[in-house]
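Colleague: here is a sequence with its predicted model. Questions after.
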Amino acid sequence: MQKGPPNIVVIIPAFNEENAIGNVIHDIPKDWVNKIIVVNNNSNDNTKTIAREAGAMVADEPIQGYGNACLKGIAYAASLIPSPDIIVFLDADYSDHPEELPKIVHPIIEEDYDMVIGSRALGHRERGAMTFQQIFGNGLATFLIKLFYGVHYTDLGPFRAIKFDKLMKLDMQDKTYGWTVEMQLKAAKNRFKITEVPVTYRRRIGFSKISGTLKGTVMAGYKIIITIFKYL
């Protein structure tokens, strides 16, 4: 990394997270980040207003989809002057612990890693924070990634950091559930220097739009598996 403190930008995709988004923004250590971008992903509640009142910049992405929201956040970050050095992705449901951001970015700053995944499997997970389907799906996906791509991950966790120039090199495309696994697959194929750090995970605030429904769980699992084979 360059000398001096890095320019860290946080991207938070958010769909109807009015009850959680303020907590997430509040708990991000402000002395570590330069900008917080909340991507309002077609919310019909007060997510946008609360995010702005909490001090975040807000970008609107009317087409729903986790990947769509992340792509909008990246485009917004790319327009900033100066450009970011590090992008941190963080969910808006308060299941992650935003105060753990320093240990997510530390390997990039101090050890020149390209990407860091916050692993819920390696850290402490509150009872009931992940469904059986999520745990099984993560295990299957990481097994297949190791089998076919030769890189050992323990999780597809959303809390992650990556050098901005490396992120742009990945040319991310997925618009829905395959976003996190696409990033990890492409990072492996590009031989990025990758590591994982343990993170704490708790029950989310509110109802999950993916793991909280049978349809969402099935669609997410299907998309993740398809994405793994897509980039072979």
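Modeller: Yep, it's here.
Colleague: from now on I want contacts and neighbour counts done on CA atoms only, so please keep to that.
Modeller: Noted.
Colleague: any weak-confidence spans in the chain?
Modeller: Under the criterion pLDDT under 70, the flagged ranges of the chain are 1-3, 207-217.
Colleague: which residue ranges form the helices in it?
Modeller: If DSSP state H is used as the criterion, the helices of the chain fall at 21-27, 47-53, 66-78, 101-111, 132-149, 164-170, 179-189, 214-230.
Colleague: could you dump the ones you listed into CSV with distance to I117 added?
Modeller: Formatted as CSV, the helices of the chain follow (distance: least, C-alpha to C-alpha, whole Å):
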stretch, distance to I117
helix 21-27, 18
helix 47-53, 25
helix 66-78, 16
helix 101-111, 7
helix 132-149, 13
helix 164-170, 13
helix 179-189, 9
helix 214-230, 17
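Colleague: out of those, which comes closest to R204?
Modeller: R204 sits nearest to helix 21-27 of all the helices of the chain, at 11.1 Å, using C-alpha to C-alpha.
Colleague: show residues contacting the closest one.
Modeller: With C-alpha atoms under 8 Å, 6 or more residues apart in numbering as the test, helix 21-27 has contacts from 14, 36, 47, 50-51, 54-56, 92-94, 97-99.
Colleague: next: stretch 173-180.
Modeller: By C-alpha under 8 Å, 6+ apart, stretch 173-180 touches 65-69, 71, 156-158, 172, 182, 219-220, 223-224, 227.
Colleague: please check the residues you listed and keep the buried ones.
Modeller: 65-69, 71, 156-158, 172, 182, 219-220, 223-224, 227 (16 or more other C-alpha atoms under 10 Å).
Colleague: list the buried residues for stretch 154-165?
Modeller: Going by 16+ other C-alpha under 10 Å, stretch 154-165 has these buried residues: 154-164.
Colleague: which of those sits closest to I117?
Modeller: R160 (4.6 Å).
Colleague: quick one: contacts for the closest residue to the closest one other than its chain neighbours?
Modeller: Excluding its sequence neighbours, the residue lying closest to R160 (C-alpha to C-alpha, 6 or more residues apart in numbering) is I117, at 4.6 Å. Applying C-alpha under 8 Å, 6+ apart to I117 gives the contacts 104, 155-161, 194-197.
Colleague: about what we covered before: farthest pair in the buried residues of stretch 154-165?
Modeller: Greatest spatial distance among those (C-alpha to C-alpha): T154 and F164, at 23.1 Å.
Colleague: for R52, give its distance to I36.
Modeller: Distance of R52 to I36, computed by C-alpha to C-alpha, to the nearest Å: 10 Å.
Colleague: go on, A54?
Modeller: In terms of C-alpha to C-alpha, A54 sits 10 Å off from I36.
Colleague: and F143, by the same measure?
Modeller: F143 is 33 Å from I36, by C-alpha to C-alpha.
Colleague: tell me which of these two has more neighbours.
Modeller: I36 (23 against 18; other C-alpha atoms under 10 Å).
Colleague: just list whatever residues bridge to the residue nearest to R160.
Modeller: R160, E196 (DSSP bridges).
Colleague: look up how far I25 lies from it.
Modeller: 20 Å.
Colleague: again, but for Y149
Modeller: In terms of C-alpha to C-alpha, Y149 sits 35 Å off from I25.
Colleague: these two: which is more packed in?
Modeller: I25 (25 against 17).
Colleague: show me what counts as buried in stretch 134-144.
Modeller: 134, 137-139, 141-144.
Colleague: could you measure from the closest residue in space to D91 that isn't next to it in sequence over to D165?
Modeller: Computed as C-alpha to C-alpha, 6+ apart, the closest residue to D91 that is not its neighbour in sequence is I12, at 5.6 Å. To D165, I12 is 19 Å away according to C-alpha to C-alpha.
Colleague: perfect, that will be all.
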